[in-house]
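Asks: sequence and predicted structure, then a few things I'm wondering about:
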Amino acid sequence: MRAQKTPKATALPKRKWRTVSVQEMFRVLGEPRRFAVFDYLIRHKNVSVHEAATFLSLTPAAACQHLKVLEEHKVVVHVREGRDVCYRLNFTNPIVHTLRRTFFNIRTL
């Protein structure tokens, strides 16, 4: 008798957008530099990669990686403005919306 072949496990396609739990959101924002970007975006409308690199004291490539992680977890969305890529808070994510209101209210106390 021939042995039956087991089917190969195929990797699932990487989804760009997925649902993000509250725990994941706090894990992502638990990194101090990512939280600094989140805090900056609460006070300002948007941030470019070069602005983020400047106030975080990082190279643009490192700042871009932090912004990419925030985007993968639906904290921010990117928008092209001329040559620059700017990032804004993603208000379609209810967790981000709630966190923004909470931190904004804490600042005004």
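Replies: That came in fine, so what should we check first?

Asks: so the residue nearest the centre of the chain, which of the three states?
Replies: Nearest to the mean C-alpha position of the chain, by C-alpha atoms, centre = their mean, lies residue 70 at 1.0 Å. Using DSSP: H, G, I helix; E, B strand; the rest coil, the structure places residue 70 in helix.

Asks: which residues of this protein fall in helices?
Replies: Under the criterion DSSP state H, the chain contains helices at 22-29, 32-43, 49-56, 60-72, 94-107.

Asks: out of those helices, nearest to residue 83?
Replies: When the helices of the chain are ranked by proximity to residue 83, the top entry is helix 49-56, at 10.5 Å, counting by C-beta to C-beta. Glycine gets a C-beta too; all of them are placed from N, C-alpha and C.

Asks: export the closest one to CSV, keeping only CA atoms.
Replies: Taking C-alpha atoms only, helix 49-56 is exported to CSV below (Å, rounded to 0.1, in the frame of the first residue of the first chain):
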residue,chain,number,x,y,z
VAL,A,49,8.2,60.9,8.8
HIS,A,50,10.8,63.6,9.1
GLU,A,51,9.0,65.4,11.9
ALA,A,52,8.6,62.2,13.8
ALA,A,53,12.3,61.4,13.3
THR,A,54,13.2,64.8,14.6
PHE,A,55,11.2,64.8,17.8
LEU,A,56,12.0,61.2,18.5
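
Asks: that one versus helix 60-72: what angle between them?
Replies: Angle, helix 49-56 to helix 60-72, by axes from the mean of the first three to the mean of the last three C-alpha atoms, to 10 degrees: 100 degrees.

Asks: list the buried residues of the worst-scoring helix or strand of the chain on mean pLDDT.
Replies: The weakest-scoring helix or strand in the chain, judged by mean pLDDT, DSSP states H and E, is helix 94-107 (a mean of 82). By 16 or more other C-beta atoms under 10 Å, the buried positions in helix 94-107 come out as 95, 96, 99, 100.

Asks: in terms of secondary structure, what does it contact?
Replies: Counting by 3 or more C-beta pairs under 8 Å, 6 or more residues apart in numbering; DSSP states H and E, the packing neighbours recorded for helix 94-107 are helix 22-29, helix 32-43.

Asks: rerun at 7 Å
Replies: Judged by 3 or more C-beta pairs under 7 Å, 6 or more residues apart in numbering; DSSP states H and E, the packing partners of helix 94-107 are helix 32-43.

Asks: perfect, that will be all.
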